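Asker: A predicted structure for the sequence below; I have some questions about it.
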Amino acid sequence: MIQNKEKWTKIVLYSVAFLPVVIFGLSYSPLYYRLLKACSGMVKFLLELCPRWSSSSSSSSPSCKPERTTDSLV
């Protein structure tokens, strides 16, 4: 019986101790959402500046390497 009380005491104590963490996370969730949205916009902007790293425009943009011709091998 005593061990059962200790178990329930731990469960209640851990739940109450974790409650401020949940409240903090919920109160800052709009900020996290805006931060992720801003970072995704920045990543898109950086990929537009460097099309070589972008997977969608890799086939349409010319590569930085010069093309080899048969004249340079002779």
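Answerer: Cool, got the structure.

Asker: all contacts plus neighbour counts: C-alpha atoms, from now on.
Answerer: Will do.

Asker: Could I get the average pLDDT for the helix or strand harbouring Leu46?
Answerer: Assigned by DSSP states H and E, Leu46 belongs to helix 2-49. For helix 2-49, mean pLDDT is 88.

Asker: and that helix, what other elements does it pack with?
Answerer: Packing contacts for helix 2-49, counted by 3 or more CA pairs under 8 Å, 6 or more residues apart in numbering; DSSP states H and E, involve no helix or strand.

Asker: residues contacting Tyr14?
Answerer: Shown here is Tyr14, which makes no contacts under the criterion CA atoms under 8 Å, 6 or more residues apart in numbering.

Asker: An error on my part: the question was meant for Gly41.
Answerer: Gly41 sits next to no residue when contact means CA under 8 Å, 6+ apart.

Asker: sec struct for Val52, please.
Answerer: If you look again at residue 52, you'll see it is Arg, not Val. Under DSSP: H, G, I helix; E, B strand; the rest coil, Arg52 falls in the coil class.

Asker: so how far is Met42 from it?
Answerer: 17 Å (CA to CA, to the nearest Å).

Asker: Done for today, thanks.
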